[in-house]
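A.B. asks: pasting the sequence and the predicted coordinates here, then a few questions.
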Amino acid sequence: MPTPLSPAQRAVSRRSALGGIGLALAGVGLAGCEWGPEGGTSDPEAPATGSADPDVVLVEAAIADLQVASQAADAAAGTGRAAARRLRDLRAGYAEQLRILGAEAAAAPSAASTAAEATVAAAWRQARTLQGALIEHAGTAVSGELARTFAAMAAGVAQAIAADGASR
């Protein structure tokens, strides 16, 4: 018979649990995963095969999608404390997903270029766009591990959207 949870164990917030699940799934999906040509070539002088590995192309596209969404969330978070609080978990998730894919967040856009898009609603719209792109990448990936990783990332974004109530 399972033991009941203590009050301290039940105190974990829903948002923390949901955010952690998506990130944990993404991390598990990438354990020991390597994208690129079979066996990987470390020789910079090796001749090009003429066609790029489709999974490498997908990873690059996912990184670009994540950077756009991250910039939108960063810009919106800069509009006030309430916005920053609402977007904290989403921004942390983006940073972790970029780290998992071996990338960093893109440089912050200039204030002039983000003034029109610096709204919380725009950041959540971009999150939904990112979720769709990650789902598409998951369906296109050749590697099963990469497909699972993209699916887990999409699930993490969906959980952040649901936790905020922005999916209405």
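C.D. replies: Alright, I've got the coordinates. Since the model is a prediction, treat every value here as computed from it, not as a measurement. Numbers count the residues shown, from 1 in each chain.

A.B. asks: make it CA atoms for all contacts and neighbour counts henceforth
C.D. replies: Noted.

A.B. asks: what sits up against the lengthiest helix in the chain?
C.D. replies: Longest helix of the chain, by residue count under DSSP state H: helix 54-77. For helix 54-77, the external contacting residues (CA atoms under 8 Å, 6 or more residues apart in numbering) are 35-36, 83-85, 87-88, 90-91, 94-95, 97-98, 101, 103, 105-106, 108-109, 114, 117-120, 122-124, 126-127, 130, 133-134, 137, 141-143, 146.

A.B. asks: buried stuff in it?
C.D. replies: Using 16 or more other CA atoms under 10 Å as the test for burial, helix 54-77 gives 54-56, 58-59, 62-77.

A.B. asks: give me the buried entries from the contacts of helix 54-77.
C.D. replies: 35, 83-84, 87, 90-91, 94-95, 97-98, 101, 103, 105, 114, 118-120, 122-124, 126-127, 130, 133-134, 137, 141, 146.

A.B. asks: which ones among these are found in strands?
C.D. replies: Judged by DSSP state E, strands contain none of those.

A.B. asks: hmm, Ile135 and Ala151 touching each other?
C.D. replies: Yes - with contact defined as CA atoms under 8 Å, Ala151 reaches Ile135; the gap is 5.9 Å.

A.B. asks: who has more neighbours, these two?
C.D. replies: Neighbours were counted for Ala151 and for Ile135 using other CA atoms under 10 Å; Ala151 has more, 23 against 18.

A.B. asks: please, which helix or strand holds the more buried one?
C.D. replies: helix 144-164 (DSSP states H and E).

A.B. asks: now the angle between helix 54-77 and that helix, please.
C.D. replies: 20 degrees (axes from the mean of the first three to the mean of the last three CA atoms, to 10 degrees).

A.B. asks: in helix 144-164, what counts as buried?
C.D. replies: Buried, per 16+ other CA under 10 Å, within helix 144-164: 145-161, 163-164.

A.B. asks: where in this structure is pLDDT low?
C.D. replies: 1-51, 108-117, 166-168 (pLDDT under 70).
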